[in-house]
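Asks: Below: sequence and its predicted model.
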Amino acid sequence: AAPLPEDATEKIDAKNLPSGSVSSAQLQQMIQQNPQLAAQLQQKMNQKNTYFGQLTGIFRISLGNGYAIQEYLKAFNEQLQNKEPVLSKRQVAQLLADSGQAQYMAEYLPALADAIKEDDREALNLLSRYYLALPSHEKKNEHLEKAWEALQAVLAVGEISTEEKEEALKRAVELTPRIKEELGQAWLKESFSKRPERGKEILSTIGSAVATGMSTQISNSSFRQRSLELQKIAVEALLTAAPEQAQKWQSTLQMLATNWLREAEISQTYDYSTRRGRTMQRDYYGNFYYTESSMMQPQMARQNRIQAISTGKILEMIPDEKWMKLVDPPLHQDFMTTIARLYLKVEEEDEAFPYIEKLAPLDPREAKSLAEQFLQVWTKNHNPNSEQQRTNIYMFAWGFNQRAQGIPLTRSKQVRNLEELANWIKRINDLPIEPINERLITQAFTQVHSAAEVYQLDAIEKIYGTVDGLNPETLASLIETMRTNLAKV
């Protein structure tokens, strides 16, 4: 650790940290040289304490720069032996929790039974964080149940600060899917059916966290994703356990759905992933490996202040049909447009088209644009010649005939693709929109063929109708593309 700057708003720089191990004398000096911090630490400490937050930041940076946590624990214990310690046990525990070192808090907190007996809500919240931070392979279920017991004690009837209650509610909802159903799901069901005041608090707390996170945590996509996941868990529990109560809270549920929509729009703009989940990649030496799509974002995108939740994760949290029934109809158009765009973004055109069909009567212009984008994505996903474009430069062997890669054995696949394309064109033509760009249809028709294939008249008529009604420019384009492909064989 190092002395805080006189101006508490000054940015903490890792280069200001001292070298060598940390002693209790250094820890004491750090506090003594900052009277504002010392005064703050004498008060009841909370997470919004500006100076304690600065101390937490220094602590986290020093650990990241290689300081051993054991050295800090030793220093903390030494200063606790003083007649007037600078940091109390509770403050040490809070510092460890806020710095991602909650697994070391046990010796600075009371036993769970004692905290419950003393009705120490602050300690109980910290104990729940301690049990959740313990290694998962060490009696996982026992730790989760103790964390749950601590949280239930925090939420028991009695005086409790707003901050302590909100923290406990969010952690309880997060823990619900991880513990036994008779504990977690039963608690949520009871909250919405028998204790509606607590259910309303759950929704309000989580909804507020999601809404404010888009401004205060815009660079922390993990925090915002976790908040959205909690929101989905809570809403699904409400709709299952107390649908009649959901009708009464329609405005709140609409606000929560709008939270999802805002995050989805951020992902549409700032997320650079093009596939859901892991995708196979190949390095320059021909080795295969799998990586998350978000890991392949351009360097400038990773430096962007706005960090988006991955599109795949956003799609997992789409409000379901029951939830959308409680959203005002005028907002449905925005949801349908955004969902269709997200599915096309990750190249899942089959999932996008139902939303395009629903959108067409409401916004024909946007539906036409999405239909054209749909056809482009479909063409990309059904191009039998695309595999040759993925061949790595290191995979060519002596005697390899490059001309051979232009003739993929895809006749049966080609027939299926043409039938599927004809079906999609029919569905697009049935939409109440203006005709889409015919060049996109031509591009789809030519690319689903093998490069060595001659276009059959019946296949052309399946897609375009009679040849007599074919646009001359389209016909010329088909002939030229076929001639060029055959010349390469």
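Replies: That came through fine.

Asks: burial measure for residue 180, as a count.
Replies: The criterion is other C-beta atoms under 10 Å. On that basis, residue 180 has 12 neighbouring residues. In short, each C-beta sits where N, CA and C put it, glycine included.

Asks: Name the SS class of it, please.
Replies: Of the three states, residue 180 takes coil under DSSP: H, G, I helix; E, B strand; the rest coil.

Asks: Any figure for the gap between it and residue 187?
Replies: According to C-beta to C-beta, to the nearest Å, residue 180 stands 11 Å off from residue 187.

Asks: hey, where'd the strands end up in the chain?
Replies: Remark: strands of the chain, listed N- to C-terminal, are 278-282, 288-292; assignment by DSSP state E.

Asks: average pLDDT for the first one?
Replies: Which is strand 278-282. Confidence for strand 278-282, expressed as mean pLDDT, is 68.

Asks: isn't residue 341 right next to residue 370, touching?
Replies: Yes. Using C-beta atoms under 8 Å, residue 341 and residue 370 qualify as a contacting pair, with a distance of 7.1 Å.

Asks: who's more crowded, the two?
Replies: In terms of neighbours (other C-beta under 10 Å), residue 370 is the more surrounded of residue 341 and residue 370; the figures are 24 against 20.

Asks: who touches that one in this structure?
Replies: Contact criterion C-beta atoms under 8 Å, 6 or more residues apart in numbering gives 337, 340, 341, 344, 352, 356, 359 as the residues in contact with residue 370.

Asks: Could you provide those residues in CSV, with additional columns for pLDDT and distance to residue 59?
Replies: Output for those, formatted as CSV (pLDDT from 0 to 100; distance: C-beta to C-beta, whole Å):
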residue, pLDDT, distance to residue 59
337, 97, 46
340, 97, 46
341, 97, 43
344, 96, 45
352, 96, 47
356, 97, 52
359, 96, 51
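
Asks: circling back to that earlier point, for residue 341 and residue 370, list the residues in contact with both.
Replies: Counting by C-beta under 8 Å, 6+ apart, the contacts common to residue 341 and residue 370 are residue 352.

Asks: looking at it, residue 361 is touching residue 432, isn't it?
Replies: Yes. Counting by C-beta under 8 Å, residue 361 sits close enough to residue 432 to count as a contact (5.6 Å).

Asks: shared neighbours, the two?
Replies: With the criterion set as C-beta under 8 Å, 6+ apart, the contacts of residue 361 and residue 432 do not overlap.

Asks: What is the nearest of the contacts of residue 370 to residue 267?
Replies: Within the contacts of residue 370, the smallest distance to residue 267 is 9.8 Å, found for residue 341 (C-beta to C-beta).

Asks: Could you tell me how many residues sit around the spatially closest residue to the closest one that is not a sequence neighbour?
Replies: Sequence neighbours aside, residue 268 is the residue nearest to residue 341 in space, at 5.5 Å (criterion: C-beta to C-beta, 6 or more residues apart in numbering). Residue 268 has 17 neighbouring residues, counting by other C-beta under 10 Å.

Asks: Equivalent analysis for residue 95, please.
Replies: Residues within reach of residue 95, counting by other C-beta under 10 Å, total 21.

Asks: before we move on, what about the one 5 residues further on?
Replies: Other residues within reach of residue 100, judged by other C-beta under 10 Å, total 13.

Asks: Thought residue 60 was touching it, still the case?
Replies: Yes. Counting by C-beta under 8 Å, a contact exists between residue 100 and residue 60, whose distance comes to 7.0 Å.

Asks: Just give me how far stretch 147-154 sits from the chain centre.
Replies: Here the centre of mass of C-alpha atoms in stretch 147-154, compared against the chain's by C-alpha atoms, centre = their mean, to the nearest Å, lies 27 Å away.

Asks: what's it in contact with?
Replies: Contacting residues not belonging to stretch 147-154 are listed as 112, 115-116, 119, 121, 124-125, 127-129, 131-132, 160, 164-165, 168, 171-172, 175, 179, 183-184, 187 [C-beta under 8 Å, 6+ apart].

Asks: would you put the C-alpha positions of it in CSV?
Replies: Coordinates of each C-alpha in stretch 147-154 appear next as CSV, following Å, rounded to 0.1, in the frame of the first residue of the first chain:
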residue,chain,number,x,y,z
ALA,A,147,-24.2,-18.5,2.6
TRP,A,148,-28.0,-18.9,2.1
GLU,A,149,-28.5,-19.1,5.9
ALA,A,150,-26.5,-15.9,6.4
LEU,A,151,-28.5,-14.1,3.7
GLN,A,152,-31.8,-15.2,5.2
ALA,A,153,-30.7,-13.9,8.5
VAL,A,154,-29.9,-10.5,6.9
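
Asks: what's the model's confidence in that stretch, averaged?
Replies: 91.

Asks: Could you list the low-confidence segments of the stretch 351-489 of the chain?
Replies: Residues of the stretch 351-489 of the chain meeting the criterion pLDDT under 70: 385-410, 450-454, 467-469, 475, 482-483, 485-489.

Asks: Could you measure from residue 160 over to residue 125?
Replies: 10 Å.

Asks: Those two: which has the busier surroundings?
Replies: Neighbours were counted for residue 160 and for residue 125 using other C-beta under 10 Å; residue 125 has more, 24 against 18.

Asks: Let me see the contact set for the more buried one.
Replies: Listed by C-beta under 8 Å, 6+ apart, the contact set of residue 125 reads 150, 151, 154, 164, 167, 168, 171.

Asks: One more pass at 6 Å, please.
Replies: Contacts for residue 125 (C-beta atoms under 6 Å, 6 or more residues apart in numbering) come out as 154, 164, 167, 168.

Asks: What of residue 159?
Replies: For residue 159, no contacting residues are found, by C-beta under 6 Å, 6+ apart.

Asks: Please report how far it lies from residue 56.
Replies: Counting by C-beta to C-beta, the gap between residue 159 and residue 56 amounts to 27 Å.
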